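sequence and predicted structure below; questions after.
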Amino acid sequence: MSLLKTTDLGISFGGLRAVDDVNIEIKEGELIGLIGPNGAGKTTIFNLLTGVYKPTDGDISINQISINKKTTPQIVALGVARTFQNIRLFKELSVLDNVKLAFNNSMNYNTFEAIFRLPRFWKEEKEVTDNALDLLDIFDMAEMANITAGNLSYGQQRKLEIARALATNPKLLLLDEPAAGMNPNETKELMNTISFIRNKFKIAILLIEHDMDLVMGICERLYVLNFGRIIASGLPDEIQNNKEVIAAYLGE
Ligand SMILES: Nc1ncnc2c1ncn2[C@@H]1O[C@H](COP(=O)(O)OP(=O)(O)OP(=O)(O)O)[C@@H](O)[C@H]1O
C-alpha cells in the first residue's frame, strides 16, 4: 500500500504551470529522491504535500486519505514532516529548546498545570527533555544541547532542523536540500545520518537534493522533474543514463 500518492497533481501561478500532471508514489520506509534543474518545481511539490499550496488539479493522499483540503497541522498529524531550503529554527533559543518545542504538540498537561508547576507538568517536561536529548544524540548533538541554535555551524543547523522534523513522529519526512551549504565531510556524514534515521525510525523519506553523489548514493528510486513535469523515474543507474535527464541538466 502506498503511503503517499499524488494523482495528476498540478498547480498554476497565473499563467505559469509550476507543477503539471505529477504522479508520485511512495511506500512505507522508502528513500526516494526528487531531482531536477533549478526552478523545475521541486519545492512547489513539497509546498503542495504540506498544505502550504492547494492543488489546482489532481489529488494527494496519505495512507489513502486525501489531503487536498487539509491544513498544514492536519497534514502533520497524518505523519508528514519537512525541512526547508532556508533553515527555519528559533535561532535565539537553545538547541534543546528547539527540539522540545517541536515535541510540544504531544504534551498533555494544560495551562493551569503548567503555570502552577503541577506534577503532570514536571513528569511530561522530563519526558520531553529526555526524548529531545535522545534525538539530539542520534545526530551527535546532545553535548550541544545548551548552545544557542544561531551559534551552530551551518551543517549542525541543518541537522537540528531534521531532528525537529523527527520530533513530530512522521511517517514521511520531506527533506529540501539538506546538504546545501555543507562541506564534503558534512555531506558524507549527512548521507549516513539520513540512511540511519530511515532504518531506525522505519520512515519514508523524500529527498530534494542537488548533490548527485548524495542522491545517487542513498536513494532507492528517483523522480526527475523538469518544467513542472516528471520526465523520468526509476533506479539511480537508470536515471544517470537517461538521455532526457542528461539533456535537462545540460540545458539542451
Ligand atoms: N508562490 C509562487 N508564485 C509564483 N510563482 C511561483 C511560486 N512558487 C513557485 N513559483 C514558481 O514555480 C516554479 C518552480 O519553483 P520551485 O521553487 O518549486 O522550483 P525548484 O525546483 O524547487 O527550484 P530550486 O532547485 O531552484 O529550488 C518557478 O518558476 C517559481 O518561480
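Great, that's in hand.

what helix or strand is the closest residue to residue 187 other than its chain neighbours on?
Among residues not flanking residue 187 along the chain, residue 179 sits closest, at 4.6 Å (CB to CB, 6 or more residues apart in numbering). To be clear about C-beta, it is placed using only N, CA and C from the backbone, and glycine gets the same treatment. Following DSSP states H and E, there is no helix or strand that holds residue 179.

ok, which stretches of this protein are helices?
With helices called from DSSP state H, the chain shows them at 42-49, 72-77, 95-103, 111-115, 119-138, 154-166, 184-201, 212-218, 236-240, 243-250.

need those helices in TSV with mean neighbour count and distance to residue 227, can you?
Listed next are these as TSV, based on neighbours: other CB atoms under 10 Å; distance: least, CB to CB, whole Å:
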stretch	mean neighbour count	distance to residue 227
helix 42-49	22	12
helix 72-77	15	26
helix 95-103	22	35
helix 111-115	11	50
helix 119-138	15	38
helix 154-166	21	28
helix 184-201	16	28
helix 212-218	17	20
helix 236-240	15	17
helix 243-250	13	9
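
wait, which of those is closest to the ligand?
helix 42-49 (3.3 Å; CB to the nearest ligand atom).

chain center to that closest one, what's the gap?
With CA atoms, centre = their mean, to the nearest Å as the basis, helix 42-49 stands 11 Å off its chain's centre.

need the residue closest to the centroid of this structure.
In the chain, the centroid-proximal residue (CA atoms, centre = their mean) is residue 174; its distance is 2.3 Å.

spatially nearest residue to that one (excluding sequence neighbours)?
According to CB to CB, 6+ apart, the nearest residue to residue 174 is residue 82 (3.9 Å).

show me what contacts that neighbour?
Contacts for residue 82 (CB atoms under 8 Å, 6 or more residues apart in numbering) come out as 46, 49, 50, 165, 173, 174, 175, 176.

rerun that using 7 Å as the cut-off
Residue 82 makes contact with 46, 50, 165, 174, 176 under the criterion CB atoms under 7 Å, 6 or more residues apart in numbering.

how about these, which pair is most distant?
Maximum pairwise distance among the contacts of residue 82 (CB to CB): 11.9 Å, between 46 and 165.

helix or strand with the lowest mean pLDDT in this protein?
In the chain, no helix or strand scores lower on mean pLDDT, DSSP states H and E than helix 111-115, which sits at a mean of 60.

how about the residues of the stretch 1-150 of the chain that lie near the ligand?
Contact residues, the stretch 1-150 of the chain versus the ligand (CB under 6 Å from any ligand atom): 13, 16, 18, 36, 38, 39, 40, 41, 42, 43, 44, 85.

pLDDT and distance to residue 74 added to these, as a markdown table?
Shown next, in a markdown table, are these (pLDDT from 0 to 100; distance: CB to CB, whole Å):
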| residue | pLDDT | distance to residue 74 |
| --- | --- | --- |
| 13 | 95 | 24 |
| 16 | 93 | 28 |
| 18 | 96 | 23 |
| 36 | 93 | 28 |
| 38 | 91 | 31 |
| 39 | 92 | 29 |
| 40 | 94 | 28 |
| 41 | 96 | 24 |
| 42 | 96 | 23 |
| 43 | 95 | 21 |
| 44 | 97 | 20 |
| 85 | 79 | 23 |
